[in-house]
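Participant: Task: produce atomic coordinates for the following.
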Amino acid sequence: MQSEEPRFSDLENPLRAGALDELERMFGDRFSRAEAVRAHHANSITWHKAKLPDAVIFPLTVEEVQQAVRICSAAAVPVIAYGAGTSLEGHINASFGGVTFDLSRMNRILSVNAEDLDCEVEAGVTRLQLNRDLRDKGLFFPIDPGADTTLGGMAATRASGTNAVRYGTMRENVVSITAVLADGTLIRTAGRARKSSAGYDLTRLLVGSEGTLAIITSLVVRLHGIPEKITAAVLPFASLEAPAIQR
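Facilitator: Predicted coordinates:
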């Protein structure tokens, strides 16, 4: 006989219910249990059935993220980081219930160092927002996965795109990351200095970690000069085999 599916998102658990009540008091109108809000934050283009979080919060500062993570950790409540919701593989699906941290309101460009070709942004800054700010400085951020995604989400998923051959992926364009670990500890993986040294490369560890290791709250990314000219070309072939034959 097939056993009943376990209830991972058990709101009758007093610890979990207490954690959600504490988060509601902390965030006020930036906390939501509304089904429409929870459904929106579980929606992705994937064949997996959408599973809603128990609640959604909208932090504004790193300190709020840390405090909320500590509350969730103490009650064994799962945490899901959310940027722009452009997930294709179900990253934002709350398979075990929990709390979704919507970081879209943490969208400040903290600094632009034009001479050093880098800048620091909060995780909720989108690539189009950043490039609009950089345009008058003759600089741009080159990674373009197609959608107007957040930089934090792009780092977490190691995004690439049509410019990857020339500029690399997020792996090559993230200098350092500030992130909150599962116990609420805040870490910074590296400085802005370009150097090589012994030790674990925590930046590369977090880039592509899909939100499983930490919540990215800000990052330093590399910038490039806007090209003087951009040329596009179309190469049509009669069949999939034709390029190999004509090579």
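
Participant: Which residues does stretch 20-40 contact?
Facilitator: With contacts defined as C-beta atoms under 8 Å, 6 or more residues apart in numbering, stretch 20-40 is touched by 11, 50, 52-60, 64, 67-68, 71-72, 77, 85, 99-100, 105. Glycine gets a C-beta too; all of them are placed from N, C-alpha and C.

Participant: buried residues in that stretch?
Facilitator: Using 16 or more other C-beta atoms under 10 Å as the test for burial, stretch 20-40 gives L20, E22, L23, E24, F27, R30, F31, S32, V37, R38, H40.

Participant: got it, and stretch 111-122?
Facilitator: With burial defined by 16+ other C-beta under 10 Å, the residues of stretch 111-122 counted as buried are V112, D118, C119, E120, V121, E122.

Participant: correct me, but the last one touches S218?
Facilitator: Yes: under the criterion of C-beta atoms under 8 Å, E122 makes contact with S218 at 4.9 Å.

Participant: For the two, list the residues in contact with both.
Facilitator: M106, L110, G152.

Participant: Tell me which entries of those residues lie within helices.
Facilitator: With DSSP state H as the criterion, helices contain G152 from among the shared contacts of E122 and S218.

Participant: In the shared contacts of E122 and S218, which residue is surrounded by the most others?
Facilitator: For the shared contacts of E122 and S218, the largest neighbour count, defined by other C-beta atoms under 10 Å, is 30 neighbours, found at G152.

Participant: related to what we said a few turns ago, and the buried residues of stretch 111-122 as TSV, adding pLDDT, distance to L15 and secondary structure?
Facilitator: Output for the buried residues of stretch 111-122, formatted as TSV (pLDDT from 0 to 100; distance: C-beta to C-beta, whole Å; DSSP: H, G, I helix; E, B strand; the rest coil):
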residue	pLDDT	distance to L15	secondary structure
V112	97	44	strand
D118	96	43	strand
C119	97	41	strand
E120	97	37	strand
V121	98	35	strand
E122	98	31	strand
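
Participant: and which of the residues you listed is nearest R166?
Facilitator: R166 has its nearest neighbour among the buried residues of stretch 111-122 in D118, at 18.0 Å by C-beta to C-beta.

Participant: who's that closest one bridged to?
Facilitator: Under the criterion DSSP bridges, D118 forms beta bridges with N113, R222.

Participant: Tell me the spacing between it and L88.
Facilitator: As for D118, its distance to L88 is 28 Å (criterion: C-beta to C-beta, to the nearest Å).
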